[in-house]
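# Sequence first, predicted coordinates after that:
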Amino acid sequence: QVQLQESGPGLVKPSQTLSLTCTVSGGSITTNYYYWSWIRQPPGKGLEWIGYITYSGSTYVTPSLKSRTSISRDTSKSQFTLQLSSVTPEDTAEYYCARSQYGSSTAPFGSWGQGTQVTVSS
């Protein structure tokens, strides 16, 4: 049973870069044909899919966040990371990592991390 765990700072100052890591256990992030996504949920709002990195290392970021977002991985540590630059209070959210079998915001995500709260505030 694969398990995902998010980690990172709970508080980030405006204009700084948010960095989160998802550590995967019980499975490999290079296993065909899984997609590893980042998803967030701002307070009082619905889920927002950010993007993914695939089993082969390809990435995709939703257009609205593309200019500020980077997704990468460290296969030796079975981790993938999210970097979101120039954050504002609107980036305050619960951030989740999740796994699916294809890359789409509507994909069924069979495995989720528990989430990590990130607040952007000075």
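Arrived safely.

# what about L82, distance to G51?
Noted for L82: a distance of 8 Å to G51, by CB to CB, to the nearest Å. (C-beta placed from N, C-alpha, C; glycine too.)

# what residues are shared contacts of these two?
Counting by CB atoms under 8 Å, 6 or more residues apart in numbering, the shared contacts of L82 and G51 are 38, 69, 71.

# is it true that the last one touches G57?
Spelled out, that is I71. No: when contacts are counted by CB atoms under 8 Å, I71 is not listed as touching G57 (10.0 Å).

# re the thing from before, looking at L82 and G51 now, which is surrounded by more residues?
L82 (26 against 22; other CB atoms under 10 Å).

# Tell me who's in contact with that one.
Taking CB under 8 Å, 6+ apart, we find L82 in contact with 18-22, 38, 50, 69-71, 95, 97.

# Which one's more surrounded, I71 and G57?
More crowded of I71 and G57, by other CB under 10 Å: I71, with 23 against 13.

# contacting residues around the more buried one?
Contacts of I71 (CB under 8 Å, 6+ apart): 38, 50-53, 59, 61, 80-83.
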